[in-house]
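K.L.:
Model the following, please.
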Amino acid sequence: MLPPEVVVIGNAGVDTNVYLPGQDVDWSREANFTENLDYVGQAGGYASRGYARLGWRTAFIGHVGADAAGRMVREAFDTDGIDTRGLFFDPAGTARSVNLMYRDGRRKNFYDGKGHESLKVDPAAVRAVLEGSKLAHVNLADWARHLLPLAQSLGVKVACDLQDVVDPEDPYRRDFIHHADILFFSAANHGDPAPLMQHFLRARPGCIVVAGMGARGCMLGTGDGSRHFPPVDLDLPVVDTNGAGDGLAVGFLTSYVLEGRPLNDAILRGQVTARHTCAQRASSSNLISRKELDECVRGLQA
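P.N.:
Residues are numbered from 1 along each chain as shown. Modelled structure (predicted):
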């Protein structure tokens, strides 16, 4: 059995998207009539399925419960050919998210991580999955911090997604920053992400930092400074922004780490992957393929 090329470490679960028929919740009424759709999601779900869709040998390390949501995750991963030797059991159940969805694709997220703050994993089992891989894409599950030194000791490139950072000194994120070769974060709480980006670069010299800015594009930070990239112009609707940040990371990391492309090309391919994700409504089953990604990039560069 060939080792995975990329290992996703973190939380995967089932998302319920609640689509509003109007512009907002009608708080004057007890009941609102909405469309509620379930699908495999969260950072670990989107990232794992994104890598597999692009044709990379992918493994996942995380937890699900012995419940219907856990079966849903396992079945989706099995269908995608994702290595689940590192898919462990959470006695509290499978992580769940409820996303209140606005008509322009924006969301308000309500997350239930079940037992992720108290779970542990078997280092020997994790080593067996990580050995021989090129990339570890790590999300913010509390137990995942303990695997970062192991990944580094095996010579695996470590990428950490800090998600929607508020305080750059947040102690919860400190381990992830300290061990990352590549950092991602959402600039949803920062009008200008450049100061935060420089803070991370001072804390982790030599790191590459990518900030997702939604409709404003993204920013790349290295030891040479920060550079803003405007959003890509694709003829696709924005119907659901869930998983967009995961798409940016997957597109960038496959291009830069696994294919050895230049940073500028990797940013473009990450943006295209994210933009395509925003056109998928309540689904991680129709993420961009390698052929689709190549065709979109060629069209933008023509």
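K.L.:
can you give me the strands for the stretch 151-300 of the chain?
P.N.:
157-164, 182-186, 208-212, 218-222, 225-229 (DSSP state E, counting those that start in this stretch).
K.L.:
Which of these sits closest to Ala59?
P.N.:
Closest to Ala59 of these, according to C-beta to C-beta: strand 157-164, at 14.7 Å. Every residue, glycine included, has its C-beta placed from N, CA and C.
K.L.:
neighbours of Arg103, just the number please.
P.N.:
By other C-beta atoms under 10 Å, 12 other residues sit near Arg103.
K.L.:
how about it, what does it touch?
P.N.:
Applying C-beta atoms under 8 Å, 6 or more residues apart in numbering to Arg103 gives the contacts 20, 22-23.
K.L.:
what do you get if the cut-off is 7 Å, keeping everything else the same?
P.N.:
For Arg103, the contact set (C-beta atoms under 7 Å, 6 or more residues apart in numbering) comprises 20, 23.
K.L.:
how about it, secondary structure?
P.N.:
coil (DSSP: H, G, I helix; E, B strand; the rest coil).
K.L.:
roughly how far apart are it and Asn109?
P.N.:
Distance of Arg103 to Asn109, computed by C-beta to C-beta, to the nearest Å: 17 Å.
K.L.:
which other residues reach the top helix by length along the chain?
P.N.:
Longest helix in the chain by number of residues (criterion: DSSP state H): helix 263-277. Residues outside helix 263-277 that contact it (C-beta under 7 Å, 6+ apart): 218, 220, 229, 231-232, 234, 236, 243-244, 247-252, 255-256, 287-288, 293, 296-297, 300.
K.L.:
For ChimeraX, write the selection for the buried entries among those residues.
P.N.:
Command for ChimeraX, covering only those of those found buried under the criterion 16 or more other C-beta atoms under 10 Å:
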select :218,220,229,232,234,243,244,247,248,249,250,251,252,255,256,287,288,293,296,297
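K.L.:
In space, what's closest to the residue nearest to the spatial centre of the chain - neighbours in sequence excluded?
P.N.:
Central residue of the chain (C-alpha atoms, centre = their mean): Asp246, 2.8 Å from the mean position. Once flanking residues are discounted, Asp246 sits nearest to Tyr46: 3.8 Å by C-beta to C-beta, 6 or more residues apart in numbering.
K.L.:
where's that neighbour, which helix or strand?
P.N.:
helix 42-53 (DSSP states H and E).
K.L.:
Export that helix to CSV, keeping only CA atoms.
P.N.:
Extracted C-alpha coordinates of helix 42-53, given in CSV (Å, rounded to 0.1, in the frame of the first residue of the first chain):
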residue,chain,number,x,y,z
GLN,A,42,-16.3,21.0,8.6
ALA,A,43,-12.6,21.7,7.9
GLY,A,44,-11.5,18.1,8.0
GLY,A,45,-14.3,17.0,5.7
TYR,A,46,-13.8,19.7,3.1
ALA,A,47,-10.0,19.4,3.1
SER,A,48,-10.0,15.6,2.9
ARG,A,49,-12.5,15.4,0.1
GLY,A,50,-10.9,18.3,-1.7
TYR,A,51,-7.5,16.6,-1.9
ALA,A,52,-9.1,13.3,-2.9
ARG,A,53,-11.1,15.1,-5.6
